[in-house]
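*Asks:* One predicted model, sequence on top.
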Amino acid sequence: MAESPAISPKDEVSDPSFRTEVHVRFEDCDPAGIVFYPRFLVMFNNLVEDWCREGLKFSFNELVIQNKWGVPTVHLDVDFYKPSTLGDVLNASLYVHSLGRSSVKARIVLAGPDGEVRVKGNVVLVLMDLNEGRSMAFPDWLRERIQTYVKE
């Protein structure tokens with residue numbers, strides 16, 4: 001594992017980011033009591049779902065069930081800095097690097113209560129028409145909402 005940097009407002013977490021807390025649960029941990037690394041990817045996906053619901057005001061129910069759209073992850077790279085253990089409450093943040101016609105490049109950071117980064121990753125999400133099985137352009141109203149999370 002790389003040395004864990006501390007989060008600074010100028011670096012990993014700055015406005016305009018979506019922020020929430022992630023509780024490390026029993027189901028997330030291996031027999032040693034630390035988070036089993038694939039569980040962090042589930043936490044990332046949950047964070048994206050929370051961002052859609054709370055930040056973009058467009059829940060996965062509206063997105064997937066009602067509109068038959070999806071936002072699959074098409075690229076992901078992750079760095080692990082420090083273990084997280086059962087009972088930890090992680091500070092989670094998501095901000096957008098860039099917004100394309102149908103894709104979002106975002107940075108996700110999970111940090112401990114002390115501000116030290118535990119895990120960070122870059123994710124590319126694509127808006128997809130599930131009926132057609134292909135990408136689609138963000139509607140203007142959704143693009144405007146996403147734009148509020150773009151870090152310049």
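*Replies:* Here it is on my side, so go on. Just so we're clear, the structure is a prediction, and the values are computed from it rather than from any experiment.

*Asks:* From now on I want contacts and neighbour counts done on CA atoms only, so please keep to that.
*Replies:* OK.

*Asks:* Just the endpoints, please. Distance across stretch 57-74?
*Replies:* Length of stretch 57-74, first residue to last, Cα to Cα, to the nearest Å: 23 Å.

*Asks:* Now do the contacts for Phe40.
*Replies:* Contact analysis of Phe40 by Cα atoms under 8 Å, 6 or more residues apart in numbering lists Val119.

*Asks:* how many other residues sit next to the residue lying closest to Val126 once chain neighbours are set aside?
*Replies:* Nearest residue to Val126, sequence neighbours excluded (Cα to Cα, 6 or more residues apart in numbering): Ser103, at 4.3 Å. Residues lying near Ser103 (other Cα atoms under 10 Å) number 21.

*Asks:* Contact partners for Ser103?
*Replies:* Val124, Leu125, Val126, Leu127.

*Asks:* Trp51 versus Arg118, what's the distance?
*Replies:* Distance from Arg118 to Trp51, by Cα to Cα: 20 Å.

*Asks:* for the helix or strand bottoming out on mean pLDDT in the chain, the distance to its chain's centre please.
*Replies:* Scoring the helices and strands of the chain by mean pLDDT, DSSP states H and E places helix 60 at the bottom, with a mean of 94. Computed by Cα atoms, centre = their mean, to the nearest Å, the chain-centroid distance of helix 60 equals 14 Å.

*Asks:* what packs against that helix?
*Replies:* Where contact means 3 or more Cα pairs under 8 Å, 6 or more residues apart in numbering; DSSP states H and E, helix 60 is not packed against any helix or strand.

*Asks:* could you pull out the helices for this structure?
*Replies:* 37-50, 60, 140-147 (DSSP state H).

*Asks:* among those helices, which is the most enclosed?
*Replies:* Compared across these, helix 60 shows the largest average neighbour count, a mean of 20 (mean count of other Cα atoms under 10 Å).

*Asks:* I appreciate the help and will end here.
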